[in-house]
Structure formats: C-alpha cells, structure tokens
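J.: Sequence first, then the predicted structure, then my questions.
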Amino acid sequence: MKKILFLAAALFAFVGCNDKPLDENKPGEGVKDEISVNPQSKSFGKEGGDVDVTVTSSGKWTLSSDKEYSWITPSAKSGNGGSVVKFTVAANETTEEQSAAFTFKTGEATAAFTITIGAGDAVEPGPSVEFELKDPSQKNLNFEAAGGNAMVEFNTSLTSGDVTLKKSAGADWLTAELAKVSAPVLGIIAPANTGAERTATVTLSAEGVNDIVITVTQKAGSEPEPSDMMNVVNFDGACLYSNWPTPAPFNNLTAFTAEMLVNAETFYKGGNADQNINTLIGIEGTFLIRIIGTSGSSQGDVEVVHNNSNGEFKLNNVASISTDKWYHIATTFDNGKVALYVNGEKKGETEVNNGITSVTLQTGDWVSESNWSSKRNFYLGFSCDNRRCLKGNMSEVRIWNKALTESDLKAAGHFYSVDAASSGLIAYWKLNEGSGNVAKDATSNGNHLYGHTGIGNNNQGGSTQDTDGIQWAEVAEINVE
C-alpha cells in the first residue's frame, strides 16, 4: 500500500514541474495597445495656419491619411508615445470648404485627427486675350522669285510691345518687322531670289496666348545676266510709300535735309495749272518738293512747300530744270529757314512765314491706305491725286536730321552715293534693286519703301490703289552736269 502512495506522489510532482498555467503569457504580450491624440480636430479660416498635435501611445506609432493632401504638410509620419506633430495648412485657393482625415496607429489601436479649412475667395476671371490672324490664309505666304512684301494684321487686344518675333534658323534672307504702333502689324519682305526655292518661318509669341507661326516660301530664281546698266525707279503713274516701322527719327525735326537725283521726262501734262504739278517727295499738306509743269514761263520751276494750320508757305521762282537731264535737288530746313539747292548750288533761301519751327516727315500709318483721300502718307512721286504724279526717273533719295551745307552737297561723289552709316543720315533709298516690290532703306532704321503702279484711277481722292509693285528702269549712266 505504501508503495502505491509513493508512486502516486512522484507522478503528481513530475506533472507539477513541467506544465505551465493556462493563462501565463510571454513578457510584453499582455500589454493592451493604446493611442490618443490631442486635439482630435482643428478648423482653420481660409488663410490656413499651423497646429501642434500631441500623440500619446503605448508604443511606436505611424501616421497615414485617406488620400494625399497637397495643402497639408505634417512634420512627422512616425514616432513614439509622447511625440508632437506639427501640421502646416496652406491657404485655401479654392472657393469651397476643404477637409482632410488622418489616422495615428500603434498595434491594433488607432486615433483619428481631422482638419477643416474655410472656403477661399472667388477669383475674378481676367480679361480674355485675343491674338489671331485677320486673314487665316496668311499663315502661309508665297512669293515669286522676284520678291515682294506682305502686311500681316491681327485681331488682338495686345499691343506691339507685348509681342516678340523670332525667325527660323537660316532665314537671314527674309525681313520681318513689327510696327511700332498700338496694335501689332507684321511687315514681311522677300528680296529677289536667284537660287533654289527657300522657306522660313516667323513665330510671334505673347504671354497668355498661343504662338502664331507664319511660313514663308519663295520660288527658285536664276542669276541675272551681268549688265552695265544702272537701276532706277520710274514714276510714270506710280509711287513709293513707307509704312514707318521706325518713325521716331522723323518726328518734330527742327532741322533736316531732303535730297535726290531726278530725271523728268515731261512737265506739262495738259489741263489747268493744278493738274501740272510734278511731285518729287513729301506729304500733302505738310511738306513737298515738286516741279511746276504749266506751259508758261514757270514751267520746270522747282518749288518747296510747307503747310500748317496758318496756311501754306512756298519757296519758288528761284530755280528751274529741264527735261531728259539728271539733276541733284536738295532742300534744307533749319529752325524755320528754308533753302533750295540744285546741283549743289544754293538757289534761294528765306524764312518760313507761317510759324513752322519743326517738321514731321512721317504719318505713322503702317498699313496701306484704303482711301487715299482720308490718309496723308509720305510718298515719292505722288501727292493728292494722280494728276500730280512725277513722270520720270529717280535715284539716291536721302533724308538727314540736319541741314547740309553747300560744301557738304558738293563733296566729291556726294550726288551719287554716301556712306549709309553717315552721321545724321536717317533714311537712304538707293532705288537700285531693279526688281521686286521693295526699295530698301540702307540705314539701320529699316523704313523700306513699297510701290503702287497704274494709279491713273486715283483722281481727286479716289480710293483705287491699283497694283502693288515698283516700276524699275535701267539707264546707261547718271551724270549730273
């Protein structure tokens, strides 16, 4: 019996030494997950701001959100209990209230934190910016080998100063200029082409609008045969004018000189005296140099005319010329004193008697006139109407911003050519291109001349401009005697 009791006791002791209690845990496994935040929410006005959130947790925690919020930046996304997280909230740029939800988590425990921001101010829409071609077909301009020019106008609320212009690489042969006027107008000049067909692009850019790209293509040409002849411009029912991309040098001149080489074919065109005016250069109603063509003793007289609101002033009856002969004609203006020179000789000088102390030699009109009677442009060979056109040839036209002296005009070779970079020279049209519809300004001002031919219908303010172009002529020589 004692043996049985001893065996039972031993067995009980063995079992008692090796079995754990059913509710015993590993170290730490019995700790409950806990986390809380303070504050649990925060509201902001539309300006946004910062908020510090204190995190109390039983262990390490992480921060997440239901989605990405570009307008909220937390200082940390993980940490230990007792951490402080700063939330930086940007101003609300929308017109609606916005909210964001964040979750702090440790183990299985979570704590929510929300942010709300008030609606922002409504943004007034800015003025719409318009920038498009008036004529969409001008996105592609095509020129013949002889060259030509085009005026590109826009429907726009921009000014010319808002627009930048860029030519494509290798487009040095193409001249593209924006007018210095309120609305942008683009002038494009293609000179004569003696090589292969060529293409260039002109890109116009402005802030807030799409670029306008204009493609210019010119047909292939051939090298002209060498010639000993000289090119001049013929003004029989034709004229030249400028659109003045650089007008400033011609404004309010207190001193200037206008000079040119002229060979008139005829002076008298029949009819009354008013019809027999042969205009050389100037602006109707402002300043003109012209030749009288009546059949009396004054035929061939060179006349200088200045106008203002006080009336008309003339310097005349001091010099006359003949037909079919080259002459150098110049007039100077110097603070109201006017002089006339023929072949370098001063023929007359006097004070203007109607109070003119300065002269503006440009009209500011960039685009071609739609009605000749309503706009006064600067012309060579034309004024008022077709009855006052020059019938003859012209070359070497220049304008200076100073009054040249007799010795200046008589300097060796001055009649036939001068340096385009000469001091005071503000326009220089050699008129020797020989083809195309552009007579280039050799100065850096770039105020080129363009032509109209066949202006016979432009009588007494008629609106017909007829054909764009220049009548070129060849002469064996230009010799001033």
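T.: Nice, thanks for sending it over.

J.: which residues does Tyr241 bridge with?
T.: Taking DSSP bridges as the rule, Tyr241 bridges to Tyr379, Tyr450.

J.: mind listing the helices in the stretch 301-450 of the chain by residue range?
T.: For the stretch 301-450 of the chain, the helices defined by DSSP state H, counting those that start in this stretch cover 406-409.

J.: which residues of it score low on pLDDT?
T.: Applying pLDDT under 70 to the stretch 301-450 of the chain flags residues 364-376.

J.: How about the stretch 1-150 of the chain?
T.: Looking at the stretch 1-150 of the chain by pLDDT under 70, you get 1-30, 123-128.

J.: which residues in it form strands?
T.: Ranges of strands within the stretch 1-150 of the chain are 35-38, 41-44, 49-57, 61-65, 72-74, 78-79, 83-89, 98-106, 109-117, 131-133, 140-143, 148-156, based on DSSP state E, counting those that start in this stretch.

J.: closest to Ser383 out of those strands?
T.: Among these, strand 148-156 comes nearest to Ser383, with 22.3 Å by C-beta to C-beta. C-beta coordinates here come from the backbone N, C-alpha and C atoms, glycine included.

J.: What residues sit buried inside the closest one?
T.: Buried residues in strand 148-156, counting neighbours by 16 or more other C-beta atoms under 10 Å, are found at 148-150, 152-154, 156.

J.: can you put the strands of the stretch 1-150 of the chain in a markdown table and add distance to Glu312?
T.: Putting these into a markdown table (distance: least, C-beta to C-beta, whole Å) gives the following:
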| stretch | distance to Glu312 |
| --- | --- |
| strand 35-38 | 93 |
| strand 41-44 | 77 |
| strand 49-57 | 76 |
| strand 61-65 | 85 |
| strand 72-74 | 78 |
| strand 78-79 | 93 |
| strand 83-89 | 77 |
| strand 98-106 | 75 |
| strand 109-117 | 75 |
| strand 131-133 | 43 |
| strand 140-143 | 42 |
| strand 148-156 | 33 |
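
J.: Can you say which of the ones you listed is nearest to Ala319?
T.: Among the strands of the stretch 1-150 of the chain, the nearest to Ala319 by C-beta to C-beta is strand 148-156 (35.8 Å).

J.: Provide the contact partners of the closest one at residue level.
T.: By C-beta atoms under 8 Å, 6 or more residues apart in numbering, the surrounding residues in contact with strand 148-156 are 130-135, 138, 141, 183-190, 212, 214, 243, 366-368, 436-438, 448, 450, 468.

J.: Send me that strand as PDB with only the CA atoms.
T.: Extracted in PDB, the C-alpha atoms of strand 148-156 (Å, rounded to 0.1, in the frame of the first residue of the first chain):
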ATOM      1  CA  GLY A 148       7.700  91.100-102.700                       C
ATOM      2  CA  ASN A 149       6.200  92.200 -99.400                       C
ATOM      3  CA  ALA A 150       3.200  91.400 -97.300                       C
ATOM      4  CA  MET A 151       1.400  93.100 -94.400                       C
ATOM      5  CA  VAL A 152       0.000  90.700 -91.800                       C
ATOM      6  CA  GLU A 153      -2.700  92.200 -89.500                       C
ATOM      7  CA  PHE A 154      -4.200  90.600 -86.300                       C
ATOM      8  CA  ASN A 155      -7.400  90.600 -84.400                       C
ATOM      9  CA  THR A 156      -5.900  91.300 -80.900                       C
END
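
J.: domain ranges for the chain?
T.: 35-117, 131-218, 230-475 (automatic domain parsing).

J.: count of residues packed around the closest residue in space to Trp429 that isn't next to it in sequence?
T.: Excluding its sequence neighbours, the residue lying closest to Trp429 (C-beta to C-beta, 6 or more residues apart in numbering) is Val397, at 4.5 Å. By other C-beta atoms under 10 Å, the residues close to Val397 number 23.

J.: Same question for the one 5 residues further on.
T.: Other residues lying near Lys402 total 18 when counted by other C-beta under 10 Å.

J.: residues touching it, list them.
T.: Counted by C-beta under 8 Å, 6+ apart, Lys402 has contacts 255-257, 424.

J.: do the same with Ala109
T.: 33-35, 57-58.

J.: Likewise for Asn307?
T.: Neighbour list for Asn307: 285-287, 313, 354 [criterion: C-beta under 8 Å, 6+ apart].

J.: cool, and Ala192?
T.: Each residue near Ala192 by C-beta under 8 Å, 6+ apart is listed here: 145-147, 221, 433-436.
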